[in-house]
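Enquirer: following is a predicted model, sequence given first.
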Amino acid sequence: MRRTIFIIPALALLGILCMHMPAYAQETLSVQVKEGELRATPSFLGKIVARVAYGDRVVSMGSRGAWKKVSVREGRLQGWMHASALTTKRIALKAGQTSVRTGATQDELALAGKGFNEQVEAAFRKENRNLDYTWINRMEAFKVPPELMNTFLVQGSVVPPPEGGKP
Amino acid sequence: MKKPLWIKGTIMLAMLSLAACANVQTATTLATAVGEQAGVLSHAEVESIRKSTVAVARSLEDFTPEQEYYIGRSVGAVVLSKYPAYTNAQGNQYLNMLGQTLAAASDTPQIFGGYHFIVLDSNDINAFATPSGLVFVTRGLIRCCPTEDALAAVLAHEISHVQLRHGMQSIEKARMTEALTVLATEGAKTLGSPEVAQLTQTFSGAISDIAKSMINNGYSRSFEYQADKVAVVLLQRVGYNPRGLIDMLTVMEKKLKPGGFDFAKTHPAPRDRIAEIQGDNLSFTPVATPKIRQERFLKAVGNI
């Protein structure tokens, strides 16, 4: 019972603290895609205002649906990113490297860049010389810009319902 | 000892406000909400998909998007060792236009390396999606599609497998633990060659786990039904007629050869999938494809 007495106020305090935080408390997030874009509006059709890379940190300032308004470079640039491109975990990057190496704690994307990476793929390919990655690399180059996606839908008279979402 | 009501109340309130602070899983919430609104999914189904997505995200959270990307590349290479790529630029371009448009409207539009699609040069009726978003569809399966809406259904089903992380779930538990142990003990060091060798072995095992499940044995029936349901939601969201999925399955039912090593082996029978989709008391209106949509579909893949 004595323990309960301590736990309750503690929980209640935490709860109250949380309730009193502004609805859009600033939160620092990490980019978890290879190439991320900040857009002028919360839509893939929005103009790209800045580009970010895997592991870059952004400050979230608000959200609309599945989109988050974020700022980068000490607040100098702002734009919208889809929530699926972001994670609350920290991705520790070694300066000048695209893969992660150092200083991962449990809260961070712990295995960041270590683990299955380019190096491991190279070793795997050495053992599996029958596997051909030519078309894998070619596939990765197939990229359709959002503007073309929109044109594709419009030209095909593909009309989303009111709650639907174009790219 | 019975706790007074106010204590319970305070605990509940505190827990609730804490939950509101926590970073809530956004993935699938939107799709499932739309599905529920549209009457595609029952409330219970919505809840079960949501719960399993959250649970999966937790159990797999130690694999970074970058790692999934490398796993996906090699699984893709294994797929291409079974079926060659169909080097038809027009067909592949169209497939990417349609597929990437659908993926952009999914709950996970942004994945590490993005979604990419390709036609496989085979008469088998088959399709695969790697955890990293590489999607492969055979010419045989495209021939089961009478309309763009039907082909959109095929791609939406594959995108759903990626979103629901079905591929990653085929990795054996023991193998995951093994990989995570190596990585955890490795700490802040850079990988040395013994670690690389050990990781490569685990990597190789993970690739074969996924390939075995995806190519040879198929996922569980429930994974397939789940992918169909999420696909229906995605189609509706973009504006395609979800009836396209049933049209495609109806043709497939006629074309599948018993004993084949394609969907005949790895997927529930098309008629069962149709029954499962319609089991939600859905009334699908027939696909009324505008002329211009049908023309571009036939132009791109009509002779495939």
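Expert: Good, I have the coordinates. Residues are numbered from 1 along each chain as shown, chains lettered A, B, ... in the order given.
Enquirer: quick one, strands of the stretch 101-250 of chain B?
Expert: Ranges of strands within the stretch 101-250 of chain B are B:116-120, B:127-129, B:134-138, based on DSSP state E, counting those that start in this stretch.
Enquirer: now render these as TSV, adding mean pLDDT.
Expert: Shown next, in TSV, are the strands of the stretch 101-250 of chain B (pLDDT from 0 to 100):
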stretch	mean pLDDT
strand B:116-120	98
strand B:127-129	97
strand B:134-138	98
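Enquirer: please name whichever of those strands is nearest to A:Val154.
Expert: strand B:116-120 (20.8 Å; C-beta to C-beta). Backbone N, C-alpha and C define where each C-beta goes, glycine included.
Enquirer: tell me which other helices or strands that closest one touches.
Expert: helix A:134-140, helix B:89-104, strand B:134-138, helix B:139-142 (3 or more C-beta pairs under 8 Å, 6 or more residues apart in numbering or on different chains; DSSP states H and E).
Enquirer: how far away is B:Ser122 from chain A?
Expert: Using C-beta to the nearest C-beta, to the nearest Å, B:Ser122 is found at 14 Å from chain A.
Enquirer: quick check: phi and psi on that residue?
Expert: Dihedral angles of B:Ser122 (phi, psi; degrees, to the nearest 10) stand at phi -160, psi 150.
Enquirer: which residue packs closest to A:Pro160, ignoring adjacent ones?
Expert: B:Gly239 (4.0 Å; C-beta to C-beta, 6 or more residues apart in numbering or on different chains).
Enquirer: roughly how far apart are the one you found and B:Thr138?
Expert: The gap separating B:Gly239 from B:Thr138 is 26 Å, by C-beta to C-beta, to the nearest Å.
Enquirer: the two: which has the busier surroundings?
Expert: Per other C-beta atoms under 10 Å in any protein chain shown, whichever of B:Gly239 and B:Thr138 has more neighbours is B:Thr138, with 23 against 19.
Enquirer: got the buried residues for stretch A:55-69?
Expert: A:Gly55, A:Asp56, A:Val58, A:Val59, A:Ser60, A:Ser63, A:Ala66, A:Trp67, A:Lys68, A:Lys69 (16 or more other C-beta atoms under 10 Å in any protein chain shown).
Enquirer: give me the buried positions along the helix or strand where A:Arg51 lies.
Expert: For A:Arg51, the element it lies in under DSSP states H and E is strand A:48-53. Of all the residues in strand A:48-53, those buried under the rule 16+ other C-beta under 10 Å are A:Ala50, A:Val52.
Enquirer: strands paired with the helix or strand that it is followed by, and their directions?
Expert: Sequence-wise, the next helix or strand downstream of strand A:48-53 (DSSP H and E) is strand A:57-64. Next to strand A:57-64 in the sheet, as set by DSSP bridges, lie strand A:27-31 (antiparallel), strand A:67-72 (antiparallel).
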